[in-house]
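Student: here you go, sequence then predicted model.
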Amino acid sequence: MSRVIVAEYDANENALRLAEPLPGVKDHEKVRVSIEISDPLAHLASLDAPAGDIQQMLSEIEAGRR
């Protein structure tokens, strides 16, 4: 099984924080993790296209994830 999720790294606890439990994954089950650090502002800037207020758009996207 393979899926992509977003997690927040907590260096103090040496842990990845997930927004919700993973369906089908048991507590303490070993999983394989691939790390990709993303910078949404850099990605949008690389598109070299008009984007309006990027910070406002990112805020709206983040609010929709909650």
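Tutor: Okay, I see it.
Student: now the element after the worst-scoring helix or strand of the chain on mean pLDDT, going C-ward?
Tutor: Within the chain, no helix or strand scores below helix 40-46, which has a mean of 74 by mean pLDDT, DSSP states H and E. Elements were assigned by DSSP states H and E; along the chain past helix 40-46, the next helix or strand is helix 54-65.
Student: what is that next one packed up against?
Tutor: helix 40-46 (3 or more Cβ pairs under 8 Å, 6 or more residues apart in numbering; DSSP states H and E). Yep, even glycine has a C-beta here, placed from its N, CA and C like the rest.
Student: quick one: the least confident helix or strand of the chain to chain centroid distance?
Tutor: With Cα atoms, centre = their mean, to the nearest Å as the basis, helix 40-46 stands 15 Å off its chain's centre.
Student: with stretch 1-9 instead?
Tutor: 7 Å.
Student: other residues contacting that stretch?
Tutor: With contacts defined as Cβ atoms under 8 Å, 6 or more residues apart in numbering, stretch 1-9 is touched by 15-19, 22, 24.
Student: can I get these in JSON lines including distance to L47?
Tutor: Formatted as JSON lines, the contacts of stretch 1-9 follow (distance: Cβ to Cβ, whole Å):
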{"residue": "A15", "distance to L47": "33"}
{"residue": "L16", "distance to L47": "29"}
{"residue": "R17", "distance to L47": "29"}
{"residue": "L18", "distance to L47": "29"}
{"residue": "A19", "distance to L47": "26"}
{"residue": "L22", "distance to L47": "32"}
{"residue": "G24", "distance to L47": "35"}
